[in-house]
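>>> let's see this in three dimensions:
(2 chains)
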Amino acid sequence: MTGSNITHNERSQEVMSPNEPSVESTARGLEVRRNILLTTPALIVLFLAASGPLFIMLFYSFLTPGNYGGVEWKSSLDAWFRVFLHRDIFDETVMFADAHISIFWRSLKLSLLTTLFTFVLGFPTAYFIATRPERTRNVWLFLVTIPFWTNLLIRTFAIMEVIRNQGVINTVLISLGFTDQPVQMLYTDFAILLGMAYVYMPLMILPLYASMERLDFKLIEAGYDLYATRLRVLWRIIVPLVKPGIIAGSVLVFIPSLGAYVTPRILGGGKNLMLGNLIELQFGQGRNWPLGAALSVTLLAIVMIALIIYVRTAQRSGNTRAN
Amino acid sequence: MSVAIEAQSVSKIFNAGSEHSVTALDDVSVEISDNEFFTLLGPSGCGKTTLLRLIAGFEHPSSGLIKLHGENISSLPPFRRPVNTVFQNYALFPHMTVSENIAFGLEMQGQSKDNVAQTTQEMLQLVRMQELSDRRTSQISGGQQQRVALARALAPHPKVLLLDEPLSALDFKLRKDMQLELKRLQHETGITFIFVTHDQEEALTMSDRIAVMSAGCILQIGSPKDIYEHPAERFVADFIGDTNFIVADVVSENGKQARLKFMSGSEIDVALPEKLFGADHVTVAIRPEQVIISVDSESALLRGVLEQKVYFGTDTHYHILLPDGELFIARIQNTRGQTEQFECGAKVGIGVESDAIQILRD
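Predicted coordinates:
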C-alpha cells in the first residue's frame, strides 16, 4: 500500500518538473484549453440550475411583497428585518419574532435529534451489515434501500396509521391494558422526529457502511489483544476510523431534515411548523415572497455553516486515514 | 525451566455441525517453556495460525485446554490474557502516531501517564525508532512498521509474544536483518516467543525448538538440528530442506539397529526408530549434502549414472539416475584444488555414512 503511494508520488513529480519547457508548455496549453472546453457544458448547467435560482432568491429577498403574491420592484430590507424581528402593528415596538425563532429552534432541535437518532440506530446496523459475509451484505443493503422505492407521502401516511390515536400502537397498548386513554403521538414533535428518522435512516446507514466496509478488522483484533475492552475498542479504534462515514451520514441526514416539508406538515399536523413549512407559508397563504426568500437564504446559511464544519473535520480526519 | 504455554489435546472445528465443517486442529498437545523461541512451522492451512489465535484468544477451542503458567485461559477474552500478538500485516492503528501505537496497550492496562511515557520511550529505544516517534504509521517503511508492531506488542511486557508470519511482507534483505533483530529482542526481553512461519529457513535459523505441523496435527517437535537431521516422517523430511527418498529392504533387525539392503546390493546397519519393528521395507531419507561421490565401485551404497551437473558457486549439484529410474541429488561443496571430476554419463557411486541415513515412519 505504502509502496504504491511512493511510486505514484514520484511519477507525478516527474510530470511536474519539465525538462524541456517549450514542448511541455505547449502541451499543457492544449490540455488546459481542452479541459475548459470539456467542462463548459457542465458549468452552464450548474449555473442555470443551481447558482442562478440562488441569486434570484437572494435578489427577491430585498424587494417589497406584492399584494397578491409576487413582488414589487422596490427595494426593501423589510423581509430581512422580519426574519428575526417583529414590529407591533399598534405601537410600533420592536421585539424578537418569537414565532420565527421558535420555528428555527424547533427545526434545529428536531434535525439534530433526527441525526442523533439515525446515528444511534444506524451505526450498529451498518456494523452488522459490514460484518456479514460478502454475499449476504448486498441483500441487507438492498433491504435498507427498499423504503426508497415507495412514495414519501405514502410512507408518511403509513407512519400516521401506526401512531394515530386509533392506530396500531395505541390499539395494542389499550388492549394490553397499559393505558386507558390513547397516548397522543400524532401531531407532536415526537411524530415529526419519528417520521424524519425513518425517512432519512438509509442516508445514515449507507455512508457509515461504506467506511465500515473498508475497515480492517485486524485492527479491532489488535485492540482486543492490547487489553482494550469492547467499549474501548469501539471508542478508540472503530469510531475514529469510520469518522468520515459518521460525518458524511450526519450531514446527509441533518441538511434535508432542516428543510423537511412533507413530514412535519403531515405528522406535525400544521401546528408544529418547521422551516420548510414556514417558507411555504410565505409563498402561499402569507403572500410575502421576499420574507420567504429571506428565510430560505437563512436556511441556506445554516446549512453552509454545517457544511464548512463538515469539510474541516473531514479534512482533519482524512489526514489520519492517509493509508 | 517452567512451562509457559501448554495446549492439552486442543481441537478446533470451524462451522461445526454444518456440511462446511473444517477441522483446523486435531487433538494437538504441546508444551512451550519460559524464555523459549518456539516456532510453529508448516504449509498454509496446516493449523499453525489457528493454534496461535487460540493462544491469543481470538478463537476458542472446540475441545481441550490452553494453559498459561498452569492456569486455564481457554475461555478468557483476548484483553484479559497477558499475551500479545504481532500481526502478519502489523495491524498498526492508522489514526495514531508511532508512539501512540506503542502506548495504546499500556494505556488500556490503566498504567499511569508517567509509566506509559517512560515505557514507550524504552520501547522506541529498543527497536531504534526514537526519531520517527511522531510519524503516522503510513509514513514509515515496511521494516519500520514491523519494528513498531514489535514494540507495541512488547510494551505491556506480555508473558508470551505471538508472531504471525511477521516477516513475510518484507523483502529478502530486510527479512534477514529482522531475523537477527527478533533473536536479539527475545534475548534482551526474556519473553517467550511463539513464531508462526511457513519458511523452513526462518524456522531453522531462529528457533530454540520447532513444531512441524500438517493437516491440523503436530508431526514432530524438536530442535532445528533434530528436525533437520532426524526427521521422523516423510512429510517433515520433505518440507524441511531437500531430501532423497530411497526404499530399502530390511534384512535383519535386533531392536536397535536394522540391516538394510539397497538396490545396489550393498548392505548397511542403521539405527531403527521404535515404531518400525517388523517392517519388510522402509523408506529412508538421505540429505544431498551428506554423501560423497566416487568413481563407480562395489563398495558404494548406491550406484547410478551422472545425468547433469549444476554449478551453484559454493557447491555443485549432481543429478544421478539410479537403476530404478529415480533421480538422486548430491550436493558437493566446491573446494580449492578439487581433483576428481565427473563427466556426464559416467557411472558413479554414492557413498553414505550410517548416521546420515534416517529411517522414516510412514
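>>> domain map for chain B?
Domain assignment for chain B by automatic domain parsing gives B:3-235, B:242-359.
>>> and A:Glu161, which of those is closest to it?
domain B:3-235 (42.2 Å; C-beta to C-beta). Any C-beta I mention is one placed from the backbone N, CA and C, and that applies to glycine too.
>>> centre of the chain to the closest one, how far?
Centroid separation for domain B:3-235 versus its chain: 13 Å, with C-alpha atoms, centre = their mean, to the nearest Å.
>>> just the pLDDT at the nearest residue to A:Gly259 once chain neighbours are set aside, thanks.
Excluding its sequence neighbours, the residue lying closest to A:Gly259 (C-beta to C-beta, 6 or more residues apart in numbering or on different chains) is A:Gly276, at 4.9 Å. On pLDDT, A:Gly276 comes in at 89.
>>> can you check A:Asn323 too?
So, for A:Asn323, pLDDT stands at 36.
>>> who touches the biggest helix by length in chain B?
Identified as the longest helix of chain B according to DSSP state H is helix B:172-189. Residues outside helix B:172-189 that contact it (C-beta atoms under 8 Å, 6 or more residues apart in numbering or on different chains): B:37, B:126-127, B:142-143, B:146-147, B:150, B:154, B:157, B:163, B:166-167, B:170, B:193, B:195, B:202, B:205-206.
>>> now with 10 Å?
Residues outside helix B:172-189 that contact it (C-beta atoms under 10 Å, 6 or more residues apart in numbering or on different chains) are B:35-37, B:86, B:126-128, B:141-143, B:146-147, B:150-151, B:154, B:157-158, B:161, B:163, B:166-170, B:191-193, B:195, B:199, B:201-202, B:205-208.
>>> run a quick neighbour tally on the nearest residue to A:Leu275 once chain neighbours are set aside.
Leaving aside its chain neighbours, A:Leu275 sits nearest to A:Ser107 (4.3 Å; criterion: C-beta to C-beta, 6+ apart). Here the number of neighbours of A:Ser107 (other C-beta atoms under 10 Å in any protein chain shown) works out to 24.
>>> now B:Ala271
Residues near B:Ala271, counting by other C-beta under 10 Å: 13.
>>> equivalent analysis for A:Leu54, please.
12.
>>> over to the one 10 residues further on?
Counted with other C-beta under 10 Å, residues neighbouring A:Thr64 total 15.
>>> before we move on, which element is it in?
Assigned by DSSP states H and E, A:Thr64 belongs to strand A:63-65.
>>> just give the strands next to the helix or strand following that strand in its sheet, each with its orientation.
Per DSSP H and E, strand A:63-65 leads on to strand A:71-75 as the next helix or strand towards the C-terminus. When pairs are called by DSSP bridges, strand A:71-75 turns out to pair with strand A:63-65 (antiparallel).
>>> residue contacts, the residue nearest to the spatial centre of chain A?
With distances taken as C-alpha atoms, centre = their mean, A:Ile255 lies nearest the centre of chain A, 2.7 Å away. For A:Ile255, the contacting residues are A:Ser111, A:Thr115, A:Tyr200, A:Leu203, A:Leu299, A:Ile302, A:Val303, A:Met304, A:Ala306, A:Leu307, A:Tyr310, by C-beta under 10 Å, 6+ apart.
>>> mind listing what the residue nearest to A:Leu275 touches?
Here A:Ser107 is in contact with A:192, A:257-260, A:264, A:273-278, A:299, A:302 (C-beta under 10 Å, 6+ apart).
>>> what's around the nearest residue to B:Gln8 once chain neighbours are set aside, how many residues?
In this structure, B:Gln8 finds its nearest non-sequential neighbour in B:Leu65, 4.4 Å apart by C-beta to C-beta, 6+ apart. Neighbours of B:Leu65 under the rule other C-beta under 10 Å: 15.
>>> how about the residue nearest to A:Gly259, phi and psi?
phi -60, psi -40 (degrees, to the nearest 10).
>>> now do the contacts for it.
By C-beta under 10 Å, 6+ apart, the residues touching A:Gly276 are A:103, A:107, A:256-265, A:295-296, A:299.
>>> again, 7 Å this time
A:Gly276 is in contact with A:Gly259, A:Ala260, A:Tyr261, A:Pro264, counting by C-beta atoms under 7 Å, 6 or more residues apart in numbering or on different chains.
>>> equivalent analysis for B:Asn72, please.
Contacts of B:Asn72 by C-beta under 7 Å, 6+ apart are B:Leu65.
>>> any idea how far it lies from chain A?
Separation of B:Asn72 from chain A (C-beta to the nearest C-beta, to the nearest Å): 19 Å.
>>> likewise B:Phe235?
For B:Phe235, the distance to chain A - C-beta to the nearest C-beta - is 30 Å.
>>> which helix or which strand is home to that residue?
Judged by DSSP H and E, B:Phe235 forms part of helix B:234-239.
>>> likewise A:Ser102?
Counting by DSSP H and E, A:Ser102 is part of helix A:98-130.
>>> tell me the buried residues in that helix?
A:100, A:103-104, A:106-108, A:110-111, A:113-115, A:117-119, A:122-123, A:125-127, A:129-130 (16 or more other C-beta atoms under 10 Å in any protein chain shown).
>>> mind checking how far that helix is from the chain centre?
Distance, centroid of helix A:98-130 to centroid of chain: 10 Å (C-alpha atoms, centre = their mean).
>>> same question for stretch A:294-305.
With C-alpha atoms, centre = their mean, you get 13 Å for stretch A:294-305.
>>> tell me which residues are up against that stretch.
Contacts of stretch A:294-305 (C-beta under 7 Å, 6+ apart): A:57-58, A:61, A:79-80, A:83, A:255, A:258-259, A:275, A:278-279, A:282.
>>> can you give me the helices in the stretch 151-300 of chain B?
Ranges of helices within the stretch 151-300 of chain B are B:172-189, B:200-206, B:224-229, B:234-239, based on DSSP state H, counting those that start in this stretch.
>>> gap between the residue nearest to A:Gly259 and B:Thr49?
Going from A:Gly276 to B:Thr49 by C-beta to C-beta, to the nearest Å gives 56 Å.
>>> same question, B:His281
37 Å.
>>> higher neighbour count, those two?
B:Thr49 (21 against 10).
>>> my read: that one touches B:Asp164, true?
Yes - counting by C-beta atoms under 7 Å, B:Thr49 does reach B:Asp164; the two are 6.0 Å apart.
>>> can you give me the distance of A:Thr114 to A:Ser107?
Distance from A:Thr114 to A:Ser107, by C-beta to C-beta: 10 Å.
>>> brain fart, B:Gln88
Distance of B:Gln88 to A:Ser107, computed by C-beta to C-beta: 51 Å.
>>> with B:His20 instead?
B:His20 sits 53 Å away from A:Ser107 when distances are taken as C-beta to C-beta.
>>> residues contacting B:Cys8?
Wrong residue type there; residue B:8 is Gln, not Cys. Counting by C-beta under 7 Å, 6+ apart, B:Gln8 touches B:Ser29, B:Gly64, B:Leu65.
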